[in-house]
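Peer 1: sequence first, predicted coordinates after that:
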Amino acid sequence: MPKRKITKADRLAAAEGAKAKLLKKVGYKGGGDFKVKIPSYKVNSDIPLSNTICYNDNMSKRKANEYTGDVIIGIATMHKSNAVPVTNTKNAEEIAKMRR
C-alpha cells in the first residue's frame, strides 16, 4: 500500500490535538472572561495644565546683543579656522607665532 502524503490540514489537526492534550494535562478548564479594565484618566480640576500656553509680553523675542565698545581690536584665525577675538597687540603676536 502506498504511503499517503501528509497535508497541511493533517499537521494542523495534529497540532490542535497536542495543544488540547497539553491543556488537559495542566488542568486548564477554559471559558474565562478575563478582561483588563482601562482606568479613566479624566482630570476634574481647575488647576491650569501645562499643555495650554498663555501669551505674555515678556515672551517676545529678545533684542540681539550689539558690541559698542573698543576692547576688541580684531579677529584672528587659529587652528582649524577658529575665530578668536584679539584684545591687544601682544595677544595678536602670540596668535601669529602659534604652531600648527
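Peer 2: Yep, it's here. Numbering: from 1, shown residues only.
Peer 1: going forward, measure contacts between C-alpha atoms and count neighbours the same way
Peer 2: Fine.
Peer 1: pull the number of nearby residues for V84.
Peer 2: V84: 14 surrounding residues under other C-alpha atoms under 10 Å.
Peer 1: host element of it?
Peer 2: V84 is located in strand 83-86, with elements delineated by DSSP states H and E.
Peer 1: quick one: strands adjacent to that strand?
Peer 2: Sheet partners assigned to strand 83-86 using DSSP bridges are listed as strand 74-77 (antiparallel).
Peer 1: and the partner strand, which residues are buried?
Peer 2: The neighbour-count check on strand 74-77 (16 or more other C-alpha atoms under 10 Å) flags nothing as buried.
Peer 1: so what touches that strand?
Peer 2: Identification of contacts with strand 74-77 by C-alpha atoms under 8 Å, 6 or more residues apart in numbering yields A83, V84, P85, V86, T87, A92, I95.
Peer 1: about what we covered before: quick check: mean pLDDT across the strand holding V84?
Peer 2: On average, the pLDDT along strand 83-86 is 88.
Peer 1: need the next SSE after it, C-terminal direction.
Peer 2: In N-to-C order, the element after strand 83-86 by DSSP H and E is helix 89-97.
Peer 1: and that following helix, how far out from the chain middle?
Peer 2: 46 Å (C-alpha atoms, centre = their mean, to the nearest Å).
Peer 1: still on that earlier bit, okay, the contacts of strand 74-77 in TSV with distance to C54 next?
Peer 2: Formatted as TSV, these follow (distance: C-alpha to C-alpha, whole Å):
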residue	distance to C54
A83	41
V84	42
P85	41
V86	44
T87	45
A92	50
I95	50
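Peer 1: now, of these, which are buried?
Peer 2: Buried among the contacts of strand 74-77 (16+ other C-alpha under 10 Å): V86, A92, I95.
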